[in-house]
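**Student:** the following block contains a protein sequence and its predicted model.
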2 protein chains.
Amino acid sequence: MSSATTYEATVSAPVNIAVIKYWGKRDTKLILPTNSSLSVTLDQDHLRSTTTARADPSFERDQLWLNGKEDEIKPGSRLATCIAEMKRLRRETVEAKHPTAPKLSEYNVHIASYNNFPTAAGLASSASGFAALIAALAQLYVLPASPSELSIIARQGSGSACRSLFGGFVAWQMGVDPAGSDSLAVQIAPQLHWPEMQALICVVSDDKKGTSSTSGMQRTVETSTLLQHRIKEVVPARMAAISQAILDRDFDTFARITMADSNQFHAVALDTEPPIFYMNDVSRAIIALIVEFNRLSIERGEGYKAAYTYDAGPNAVIYALAEDIPDIIQLIVSYFPQRPGEFKDVMRLFEVDDINTQANLPEGFNKAVAKRFEVGAVKGLIHTRVGDGPRRLGDEESLLAANGLPKTLL
Amino acid sequence: MSSATTYEATVSAPVNIAVIKYWGKRDTKLILPTNSSLSVTLDQDHLRSTTTARADPSFERDQLWLNGKEDEIKPGSRLATCIAEMKRLRRETVEAKHPTAPKLSEYNVHIASYNNFPTAAGLASSASGFAALIAALAQLYVLPASPSELSIIARQGSGSACRSLFGGFVAWQMGVDPAGSDSLAVQIAPQLHWPEMQALICVVSDDKKGTSSTSGMQRTVETSTLLQHRIKEVVPARMAAISQAILDRDFDTFARITMADSNQFHAVALDTEPPIFYMNDVSRAIIALIVEFNRLSIERGEGYKAAYTYDAGPNAVIYALAEDIPDIIQLIVSYFPQRPGEFKDVMRLFEVDDINTQANLPEGFNKAVAKRFEVGAVKGLIHTRVGDGPRRLGDEESLLAANGLPKTLL
């Protein structure tokens, strides 16, 4: 029978966008951060990595294909570490305890992974990608491990991947153990705690490739004279305050801290030698629009209505409650006209072919805070919401064909 | 005789560009800063404010004209404070001690001031302007005051003006007295200590008016969680280190600290709520060029060759030694073509009509660090050098006509 059994699992895993930023490692091999961080998991219905992992005695070596193209698993690489750690867990927590369990840890694996968003969009795919890899192997190996335990391994693939093992609102606790056993993700609140939380991703064109976050953050650790103050004094207070704001569904506080921490992350990047810039003039203009949008709502006594945040690139992610999203989309489109069809109105807010017909500014908006840009400056808008953690998919979703190669290669 | 005597003085005063930045007041009325700062005085042969001050019993009120246009002296304004303080010094240090001295402190004054650079260039004219005002009144009143004593009054007009009362390399010591008696400028080294020090100002176009430095710096004081660390820990060490680098004519250290402090000033501006941006994509590109230029010279074992610094606007000021300036001009022009005649080759480095024919990159320069911009992105280049302090000019340079009104009004 065993040769006829296919040991395989397919999962999807979500993207997460941090509101308290991870920037700096205290251990670059184990990927132990210099500060805790906190993120919102976005809905896999819109943005996801899907991964199939199969173990088979006939496979000659571990192999991985990303978007149909083989990605070499180099010895000692983060990828190799993650696969080896998952095999170890299989051996220690399953096979050692249940002698009849198949020795999957001794088989090589084939892994096929696919992101449903273009890499060119500049969205960090390593977080969802490594989360999907770890979740797929955990399913394949039927591990009795909690998401927090798995997050310790995902972290060693890509730091922020650990946060994509949960839905909702997720903290990556930096921990204190030099071995990293307590540097893991925990859920602060589940997806359904605050389902009105939505996000609008503004995909921004950029002329040049920015500094990679891996090398950039270590340059900041080595040269910034402000980073240590951020790590020791600022982040711990913000982690506590924004966690409470999430539990209280206090958008005003959530927004204030989110924007302040995005600003401070880019501030310490700039305080690096040589300085690192991820935001460009388009990013700055979007900030000016959100600042003015909030100024009006604060003036009305309604507090902050939108919170921008920027990762290691020029894209803006704007968090807002569902009721305010249509106004924010109209605001963005007013300054950043979209090619017809470029805004995928997945939540059916507008139901028009050309979103530009919906470009309206709130009453009293000071138009002079930014100039109107050309079509293409914001080359895409993705409207999504807070989502759940990794999902096990049915066999029909497998990315691997019967011969063990990715279906996309057929 | 007295009615026939004209009590008048004309002076010019220089621009200064800080290398350790002033950003934040601990007393907004007295203009007492939250940290010490340090600047290089630029040559008045190229950039200057010229001011004539005349006292006459026939004048009905104090009046001031800036570039030929009357600027109202509002009661309680910084301008009114400076004029009142200078009259007080005249009364206390001259008239009270020499009973025969004319009571100029009782006369109203007419003041005409003129900047030889366009306000639109975005160069801070308030520093040279207030320095010229104070120096002109000090000459008019024949005050026995040192430049440091005068700097206490200039500071109350515009903080950085206190540094324009000296040539060469100038520190503004923040002081500790709540009344501001020890918050004054001192010369670290005179102009001729390091005459090879030159500067290239890149005048950068900007779409929008930035946040004024007066309001911006106070927002940083109120909201940045990083500023206090900068004030307490970072600046004192940098003030000591860059002062020593100047005394040692150690350009490498001077450059490193200058760039780090420019970056950090913009970092704390970004760490402000809402964030303040002064640099734009053109500013960022110039930084990338200088970083690459320095990378090459460091690789050759020659250390840093150029130091950028940015004030509260997008213009770059690049400090470099005379021998490296031609290469830097060629580098900038390679990426930022100039309209013919726009580069005023005042020091006769190139002696060509079209500087664009001189656009050359150093060997081994990685061209991909920036894109080539359109003509007009850098809309002017000003090449200058370290300069001297305020100069008394001859009567023939007076900006006031016999009738007491500015000559430009005639």
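**Tutor:** Arrived safely, thanks for sending. Numbering: from 1, shown residues only, chains lettered A, B, ... in the order given.

**Student:** what's the domain layout of chain A?
**Tutor:** Taking automatic domain parsing as the reference, chain A has its domains at A:2-191+A:393-409, A:197-385.

**Student:** export these to JSON lines and tack on mean neighbour count?
**Tutor:** The way it works is simple: take the backbone N, C-alpha and C, and place the C-beta from them, glycine included. Formatted as JSON lines, the domains of chain A follow (neighbours: other CB atoms under 10 Å in any protein chain shown):
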{"stretch": "domain A:2-191+A:393-409", "mean neighbour count": "20"}
{"stretch": "domain A:197-385", "mean neighbour count": "19"}
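
**Student:** quick one: closest of the ones you listed to chain B.
**Tutor:** Proximity to chain B (CB to the nearest CB) singles out domain A:197-385 among these, at 4.0 Å.

**Student:** so in chain A, where's the weakest helix or strand by average pLDDT?
**Tutor:** None of the helices or strands of chain A scores lower by mean pLDDT, DSSP states H and E than strand A:343-344, at a mean of 80.

**Student:** can you spell out which helices and strands pack onto that one?
**Tutor:** Counting contacts by 3 or more CB pairs under 8 Å, 6 or more residues apart in numbering or on different chains; DSSP states H and E, strand A:343-344 is packed against strand A:378-385.

**Student:** can you list the strands that the strand it packs on pairs with?
**Tutor:** Using DSSP bridges, strand A:378-385 pairs in its sheet with strand A:197-204 (antiparallel), strand A:343-344 (parallel).

**Student:** hmm, who's touching that strand?
**Tutor:** A:42-43, A:45-47, A:117, A:121, A:195, A:197-205, A:282, A:286, A:322, A:325, A:329, A:332-333, A:336, A:338, A:342-347, A:349, A:355 (CB atoms under 8 Å, 6 or more residues apart in numbering or on different chains).

**Student:** still on that earlier bit, need the domains of chain A in TSV (columns: distance to B:Gly387).
**Tutor:** Shown next, in TSV, are those (distance: least, CB to CB, whole Å):
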stretch	distance to B:Gly387
domain A:2-191+A:393-409	41
domain A:197-385	29
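
**Student:** and B:His229, which of those domains is closest to it?
**Tutor:** domain A:197-385 (4.0 Å; CB to CB).

**Student:** check the offset of the closest one from the chain's centre.
**Tutor:** Here the centre of domain A:197-385 is set off from its chain's centre by 15 Å, with CA atoms, centre = their mean, to the nearest Å.

**Student:** quick one: terminal-to-terminal distance for it?
**Tutor:** Domain A:197-385 has its terminal residues 6 Å apart, counting by CA to CA, to the nearest Å.

**Student:** and for stretch A:341-360?
**Tutor:** Taking CA to CA, stretch A:341-360 runs 18 Å from one end to the other.

**Student:** which ones are touching the closest residue to A:Gly387 other than its chain neighbours?
**Tutor:** The shortest distance from A:Gly387 to any non-neighbouring residue, by CB to CB, 6 or more residues apart in numbering or on different chains, is to A:Asp43 (3.4 Å). Applying CB under 8 Å, 6+ apart to A:Asp43 gives the contacts A:14, A:384-388.

**Student:** quick check, nearest of those residues to B:Gly210?
**Tutor:** Nearest member of those to B:Gly210, counting by CB to CB, is A:Thr384, at 33.5 Å.

**Student:** so for the closest residue to the closest one other than its chain neighbours, what's the pLDDT?
**Tutor:** Leaving aside its chain neighbours, A:Thr384 sits nearest to A:His46 (4.2 Å; criterion: CB to CB, 6+ apart). Per-residue pLDDT puts A:His46 at 94.

**Student:** no more questions from me, cheers.
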